[in-house]
Structures are given as C-alpha cells and as structure tokens.
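Trainee: Sequence plus predicted model, see below.
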Amino acid sequence: MRTVDWDEVRRRIEAARAAAERAWALDPEEAGRILEARAQALAREPEQAPAAGALELLEFLLAHERYAVESRYVREVDPLENLTPLPCTPAFVLGIVNLRGEILSVIDIKKFFDLPEKGLTDLNKVIVLQSDKMLFGILADAILGVRRIPLSEIQPSLPTLTGIREKYLKGVTRERTVVLDAEKLLADEKIIVQETVEETRS
Amino acid sequence: MKWFLDLTMRGKLFVCFGVMFVLFAAVIATAYSGIAAILQSQDRLYKEDFANVRDLMALRANQNQMRALMLEVQLLTRRAEQDPLLAQATERSKQVDQILLGLMERAKSNPGRLARLEELQSVWQAFAQTKDAEIIPLILAGKLAEAQQLAVGVQQGREQRIRAIAQELGKAAEEEARLAVADAGQRANQSFRIFLFIGILAAVIGLVLVLWMERVIAGPLRSLSRAADRVAAGDLTAEVPGENRADEVGDLTRMFRTMLENQRRVMREIHEGVNVLSSSSGEILATTTQVAASAAETASAVSETTATVEEVKQTAGVSSQKAKYVSESAQKVSQVSQSGRKSVDGTIQGMQRIQEQMESIAESIVRLSEQSQAIGEIIATVNDLAEQSNLLAVNAAIEAARAGDQGKGFAVVAQEVKSLAEQSKQATAQVRTILGDIQKATSTAVLATEQGSKAVEAGVKRSAEAGESIRLLADSVTEAAQAAVQIAASSQQQMVGMDQVALAMENIKQASMQNVSGTKQAEVAAQNLHALGQKLKQLAEQYKV
C-alpha cells in the first residue's frame, strides 16, 4: 500500500501559498528589471516617419482573414451589443444597434461581398464607418489595431479577384492584409435600402 | 395272401405243418399199403406156395424114407428088429397122408392142382394099400422074393408116378412162387414210385413253405435285427421297415418302432437334458470357481479387515486422545473468536470514522471546485476588461490619428495600452488554462474520493460481514467445542465397540476360512459334476437322434 507522506503534502501546500503571495508583491530585483526595460523603451528614438504617402489603417479579422480599412473613415470601434434584427432588409443587413443613443445599422460585409461562410466566428465587434453622407457599422471578429503602412507597400488587387469585391478593394499589403476602400463602400448605392412591403391582405 | 400274413404265428405253423403232416400221412399211407401188399404176398407165398413145395418135398422124402425102411426090413429077418422099422414106416405113411390132406386143403381154390393132388392121392393110396396089405405080410412071412417082386413091379411104377406128380406139382408151386415174387416186386416198385413222387412233392412243398416262411417271418425279423443292430450301434435314426401286419411280426415291428420312437424321444430329451446338465455344470463350475476365488479373496479381505480393525482400534484410541485435545483447543478458540469479534467491532467503528472524513474531504474538494469557478468568472471579467481596454486603445489611436501630429504621443500611449491589454489577455488565457487543469484535478480528486468513499463503504460492509462471520465462527466454535466433548465421549464408546468388532472379525475370519475350504470342496464336486456332464454328453452324442 502506498502510504501518503503527509509532511511532504503539507510542505508542498505551504510552498504554493508562499509562491501565490510572492506573485502579488514583486521582489525588488524583478521590479527594477521591469522599470529598466521600460526606461530603455521610452528612451528610444521614435522611428523615422516615412515620406508622405503613408496610410493609417485599422486592421481587423473577419472569417480568419485579415482586412483593413483607412482609419480616416473609422469613427470608433465598439463591442457588439443589443443587436436588433430588422425585417424586410437584404441579407447583408444584420440589424440595428443602439450606440449611446444613436441608432446604427450593422452590415455583414461577408455576405455583402458574397464571401463563402467558413464556420461560425465571434462577430462581436462593430467598426463604425463614417463619411459626410453615410454612417453604418460593419461586423468584425476581432480588432487587431491601427498601423501606418507606406503606400508603396500596398499592391494592387489580385487579378484573380473579380466582381463586387474588386470594386471595393484598395489593395493587398505584404502581410496579405486585404485593404478595403471604405470610401467606395460608404458611397455605394447598394447599401441604401429602399424596400417596401405591401400590406398583406388578410 | 393277406389273410396268411395276418394269421398268427401259431396259425401259420399249424397251416404249414398241417400241409406237411398231410403229405407225410399220404406218404405213410402209401408206404403202408405197399408194405401191406408185400407182406400179404409174402404170407401167401409162405403159406401156400412155399408150404406146397415143402410138403411135396416132405412127401417125397417120407416116401423115400419109407422105401428105405421097407428095404431095410426086407434085409432083416428077426421080427424084433423089424417091428420098429415097420412102425416107423407106418408113421411115415401117416405123415404122407397128412401132408396130402394139407396139400389138398390148400389147393381147394386151385381146381387144377386139386385134380393132380387127387390123382396123387389115389396113386399114393394104391401104393400104401399095396404096401400094407401085401408087401408087409409077405416080408413078415419071409417071402421076400414076392415082396420084392411086388415092390419092383407095381410098386415101382406107382412110386415113379408119385414122384412125377410130386415133381410136377413142385415145379408148378415153384412157378407160382416165382410169379408171386415177381408180383410182389412189381407192387413194391409201384409203391416205391408213388412214395417217391409223394415224397418229392412233399419235399418241394416243404421247401416252398420253408422259403416262404423264411420270407414272411425271418425277412422282417432280419431287417428288424439289422435295425436293432444299428440301434445297438447307437444310430437311433434307423428306419424300421415292414408293412402293417396283424401277426406277431407285425406286433414286434410296431412294438420295435414304438420302442425306437420312445427311445429316440427319450434320447432326445436325455440329449437336451445332458446338454443342459453339461452347460449347467459348466456354469456351476465357473460359478463355484468364482465363488471359491471370491471366498479366498473374502478370506484374505477379512484377514486384512481384521488387521485393519486392529489398526482402527489403535487409531480410535489415538482419536479419543485427540478428541480430548480438540475439545480443549475448541475452548481456547472460542475465547479467541470472542476477542476477534470485539476487534472487528472496533474496525467497523474506525471504518465509519474514515467514511465521515472521506465525506468531509469530498465536501472540501467540491467547495474548492466551486471557488475555482468563481475564479473563472473573475478571469472572464478581467478578460472582458482587457478586451475593452484594447478597444479603447484602438479608439484612442483612431482619435490620435485624427488629431494629426499633435496626437502622435498619444498614439504611442495608446499603443502601450493596447500592448498591456494584449498581455492581460494572454495572462488570463494562461490562468484559464491553469484553472482548467485545476478543475480537471479537482474532478479527479472528487472521483478518487468517491471511489475511496465507496471502498470505505465496501470495507464497512466487509467488516460487518467479517464481524458476522466471526460471530458465526464463534458460535460454531462453541458448538464444535461441545461436539468435541461429545466426540470424546463417543470415541470412548467407539473404542469399546471396536473391541467387540475385532472379536467379531476374528470369528468372521474363522468362518471365512471354513467357507474357503467348503467352497474348495464344492469346486472339486463341481469339477466332478462337470466331468460327469461332459462324459454324459459324449455318451449321449454317440446316439444319433
């Protein structure tokens, strides 16, 4: 019979407790190292801004692909909350949300671009696009962040891409990020929904 | 001929011998009549012809004697001497007369001869007259010459005449006698022929009868005798020939057939009986042999048993001692089992305590698990916060970009905030992973505790069972102790009983020895019986049925 060494057990529990307590109070060495690193980072020369002709891009994930829009047309990003489906709308219009008292329509650009569905994704972020005339949100799985990319890095769209996608495509970066043309998207007539429903006769 | 066959033997014999008797009678009658005829003829020959010849010869002799006497008288001179001679002559003369009378008497039936005899008588009377009346006185007177003259003269002629007649008659008589003899011979021949004929006839008939009787009587008897011979040789299958007849031979044949049938049946039954006897005796022999062997085995077994009983007796003594020892041991065991029972009760209580503690351990682990769940919720909150921080950082970056060059520093801060948010997120992910491990571990611990609890329950149950078993064991041991006491008493009695058994076994041993010798004798007897049966079987097999 395997006897349990209770002393060993007690010792191990004690060590765990001590380790947990230590985690909260950094030892001075560790703290000094972290501060050193931060100082080094802050003391570094900022990177030389490239020549004019750089684009400020907001990158996001959609259906496991990286997309990006120009941050000029992005008002803000928000978590998707309280989505209300809207009847009598095209399939790409998921519904409307209340964003701090402002009613905003939410579009699924996957469906708008007729991209194939690749399994279920989070779709829990809303990127609010804004122009002078138009305001709506597009769904994203995750927000990756804002980056500046020189225009030279952006390549024209792939020749294989045709149809509706090409029309809204600005180009592809070296990291295979698809850069969408938010301006065209915002200006598109197709986004405007003009649907009427005849009164059903009972 | 059936009637003859059906006649009894006496009848047959009567018939055959009657026929033979008749034939013999005929032969005898024939012989008798022939002999009688011959006798008659001889008698007649003797009484007539032969008498005639004799008388004639006597007559001639007497006459010659008388002449001789006369001549002698003439020669003598003295009267004294002459008288006897004369008397003799006279005597002779008388005899001649008598002979003549006799002859005449016999010749009455024959007139021819009678006439001749009368002539002879007349001549003789003349001669006798002359002689008596003339010659004798002349002689007496001495006148011999005259006498001679007379004698030679007249008397001579007469005398010749007489002789001639007598001869003639004699010849006639001889002739008659010859005829009579010839007649008798002829008759005798005839009789002989008849006799011969009848005799041959009788002989032929007798032969035929003999042959026939032989065929009728001796033939069946011979065949019977042949059959009897075969039967005597043991062949009972012999067929008895012969037709159905009413006489003794038929009776004998039937009897013999019946006897043979009975004998055959009896032999068959004897055969079967002998077979049965033989096989039975064989079986008896086998059985007896087996019995003898068994008896021998029994004897040896009994002998062994006796030895064994002796050993058992000793063993019983040993077992008696052991039983006492066992009784004492059982008492001790009973005490030990009582203490064992108490120990088991203590064990059960300990096990129950262990179970309670196991339950409290399980409770603690469950609480730990619930607390880790709370940690998970907190981590989710932290994660949410990190996410929001991230979004805030992005929004800040957007705002900074919108602000242009003035917002560049802010953009760096926003970048830092974003990086911190990312780190927070990674940390929460690690914490979540660790939390998952903790939850797995607690689940395992709960399961282990459950198993432990179950094991403890099983242990409690086992302990209870063990307690029950020990209680039963204690009871049993108590009973066993009592039983051991009883066993000790019983084994004492058993020892006494074993003594008696040993005695009885000794008796049985002697009895089985006697049994063995008896069965040996019976086996010998059965062997003899078997040999007898085999011999009987061989004897019976000599008879073919």
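Mentor: Right, received. Where do you want to start?
Trainee: element containing the closest residue to chain A within chain B, please.
Mentor: At 3.9 Å from chain A, residue B:397 is the closest residue in chain B, using Cβ to the nearest Cβ. Where C-beta positions appear, they are placed from N, C-alpha and C, glycine not excepted. According to DSSP states H and E, residue B:397 maps onto helix B:248-403.
Trainee: Give me the average confidence score over that helix.
Mentor: Helix B:248-403 shows a mean pLDDT of 84.
Trainee: For it, name the packing helices and strands.
Mentor: strand A:54-62, strand A:74-79, strand A:142-150, helix B:219-232, helix B:408-542 (3 or more Cβ pairs under 8 Å, 6 or more residues apart in numbering or on different chains; DSSP states H and E).
Trainee: Distance from the last one to the middle of the chain?
Mentor: In other words, helix B:408-542. Per Cα atoms, centre = their mean, to the nearest Å, the displacement of helix B:408-542 from the mean C-alpha position of its chain is 71 Å.
Trainee: cool, and stretch A:125-136?
Mentor: For stretch A:125-136 - counting by Cα atoms, centre = their mean - the centre lies 14 Å from the chain centre.
Trainee: Kindly report the same for stretch A:106-126.
Mentor: That offset, for stretch A:106-126, works out to 12 Å (Cα atoms, centre = their mean).
Trainee: List the contacts of that stretch.
Mentor: Around stretch A:106-126, the neighbours that count as contacts under Cβ atoms under 8 Å, 6 or more residues apart in numbering or on different chains are A:60, A:62-64, A:77-80, A:83, A:91-97, A:99, A:104, A:136-143, A:163-165, A:168, A:180, A:185, A:191, B:391.
Trainee: Sort out which residues of it are buried, please.
Mentor: Using 16 or more other Cβ atoms under 10 Å in any protein chain shown as the test for burial, stretch A:106-126 gives A:106-110, A:112-113, A:121, A:123, A:125-126.
Trainee: avg pLDDT for it?
Mentor: Taken as a whole, stretch A:106-126 carries a mean pLDDT of 77.
Trainee: Ok, stretch B:162-174 next?
Mentor: Across stretch B:162-174, pLDDT averages out at 82.
Trainee: so residue B:52 touches residue B:104, yeah?
Mentor: No - contact criterion Cβ atoms under 8 Å: residue B:52 and residue B:104 do not qualify, at 10.7 Å.
Trainee: For residue A:115, which three-state class applies?
Mentor: Here residue A:115 takes the coil state, with states given by DSSP: H, G, I helix; E, B strand; the rest coil.
Trainee: Residue of chain A closest to chain B, please.
Mentor: residue A:146 (3.9 Å).
Trainee: Need the nearest residue in space to that residue, chain neighbours excluded.
Mentor: Nearest residue to residue A:146, sequence neighbours excluded (Cβ to Cβ, 6 or more residues apart in numbering or on different chains): residue B:397, at 3.9 Å.
Trainee: Check residue A:154 too.
Mentor: Per Cβ to Cβ, 6+ apart, closest to residue A:154 is residue A:171, 4.0 Å.
Trainee: Remind me what whichever strand or helix holds the one you found packs against, helices and strands.
Mentor: Here residue A:171 sits within strand A:169-172, counting by DSSP H and E. Contact here means 3+ Cβ pairs under 8 Å, 6+ apart; on that basis strand A:169-172 packs against strand A:178-180.
Trainee: next one: the strand it packs on to chain centre, how far?
Mentor: Put simply, strand A:178-180 sits 13 Å off its chain's centre (Cα atoms, centre = their mean).
Trainee: residues contacting the residue nearest to residue A:146?
Mentor: So residue B:397 contacts A:71, A:145-146, B:411, B:414-415, B:418 (Cβ under 8 Å, 6+ apart).
Trainee: wait, which of the residues you listed is closest to residue B:9?
Mentor: Ranked by distance to residue B:9 (Cβ to Cβ), the contacts of residue B:397 are led by residue A:145 at 169.8 Å.
Trainee: Pull the contacting residues for that closest one.
Mentor: Contacts of residue A:145 by Cβ under 8 Å, 6+ apart are A:58-59, B:393-394, B:397, B:415, B:418.
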